[in-house]
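Enquirer: Below is the sequence, then the predicted model.
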Amino acid sequence: MFVSHNCTTTFCAKLLDMKEKDVENHFVWAVERMGGVSYKFTSPGRKGVADRIACLPDGSTWFVELKTKGGRLSELQKLFAADMARLNQKYVCLWTKEQIDEIFTRTV
């Protein structure tokens, strides 16, 4: 699943007040609250990989890109998202705490 960035004036203003670290901390908290584990992910040999890998108690694994402040996916991040879709992996890009809460409400 890929959540697209749909920006209205109020939504953008809210994003500008939020730091990416705030979104990331909320994500880690939400995963832990569900009983899962979130790993910070870097791949030295490949740019564009997702920021986090979340392992959830239901056995699912999610590749998660976190953005804020009107952030956009780079071309390499878009390629990674397409690779995940082609490989039938769970991938999502989230911009707000509300999106994090919504995706985990639907997932569990």
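Expert: Structure's in. What do you need? Please read these numbers as outputs of a predicted model, since none were measured by experiment.

Enquirer: next helix or strand past the one helix or strand in the chain whose mean pLDDT sits lowest?
Expert: Across the helices and strands of the chain, the lowest-confidence element by mean pLDDT, DSSP states H and E is helix 9-17, at a mean of 44. As assigned by DSSP states H and E, the chain's next helix or strand after helix 9-17 is helix 20-33.

Enquirer: In the next helix or strand after that next one, which of the residues would be classed as buried?
Expert: For helix 20-33, the succeeding helix or strand toward the C-terminus, using DSSP H and E, is strand 37-40. Going by neighbour count (16 or more other Cβ atoms under 10 Å), the buried part of strand 37-40 is S38. In this view, the C-beta of every residue, glycine as well, is placed from N, C-alpha and C.

Enquirer: List the buried residues in the helix or strand just after strand 37-40.
Expert: Next along the chain after strand 37-40, taking DSSP H and E as the criterion, comes strand 52-55. With burial defined by 16+ other Cβ under 10 Å, the residues of strand 52-55 counted as buried are 52, 54.

Enquirer: quick one: strands adjacent to strand 52-55?
Expert: strand 37-40 (antiparallel), strand 61-66 (antiparallel) (DSSP bridges).

Enquirer: just checking, next helix/strand downstream of the longest one?
Expert: What it means is strand 61-66. Next along from strand 61-66, by DSSP H and E: helix 75-86.

Enquirer: residues in contact with that following helix?
Expert: Residues outside helix 75-86 that contact it (Cβ atoms under 8 Å, 6 or more residues apart in numbering) are 2, 47-50, 63, 65, 73, 90-91, 93.
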